[in-house]
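>>> Need coordinates for the following:
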Amino acid sequence: MTDLELIELMNGIVKLARPVSADDLKLDSLDVLIKDTGLDSLDFLMVGVYLSDVYGVSEEVIKEMKMTPESTVRDFVKYMQDNKTKEPASVKEALESIQ
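Presented below is the predicted three-dimensional model:
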């Protein structure tokens, strides 16, 4: 997926993880620090659950993930992509698979 597609995917997942205020949290870059997204730890955990479903990343692999205060959304997505067991054909397909 391109960066624009990944941003679209992440914004779609944020809407699922935090539907009440998702319009206030639109990502416009993958290079934003995770801590600056406006998502709290529980929201970001839910984003991780959804993204791991999209890419078929196992729970064991997720438990090994190390994110730091300097980690970006791109780092997070890259970790999922590096450990994926499946690849969605499109953003639409990915979002439909988790709704």
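>>> C-alpha only now, for contacts and for neighbours.
Noted.
>>> can you give me the strands in the chain?
For the chain, strands defined by DSSP state E do not occur.
>>> could you point out where it is predicted with low confidence?
Within the chain, the ranges that satisfy pLDDT under 70 run 20-24.
>>> repeat that with 80
18-26 (pLDDT under 80).
>>> Could I get the full set of helices for it?
3-17, 41-55, 59-63, 73-82, 91-98 (DSSP state H).
>>> Any chance of a markdown table for those helices, columns mean neighbour count and distance to residue 30?
Output for those, formatted as a markdown table (neighbours: other Cα atoms under 10 Å; distance: least, Cα to Cα, whole Å):
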| stretch | mean neighbour count | distance to residue 30 |
| --- | --- | --- |
| helix 3-17 | 18 | 7 |
| helix 41-55 | 18 | 14 |
| helix 59-63 | 11 | 19 |
| helix 73-82 | 17 | 5 |
| helix 91-98 | 14 | 15 |
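>>> of all those, which lies closest to residue 34?
helix 73-82 (5.5 Å; Cα to Cα).
>>> Which neighbouring elements make contact with the closest one?
Packing contacts for helix 73-82, counted by 3 or more Cα pairs under 8 Å, 6 or more residues apart in numbering; DSSP states H and E, involve helix 41-55.
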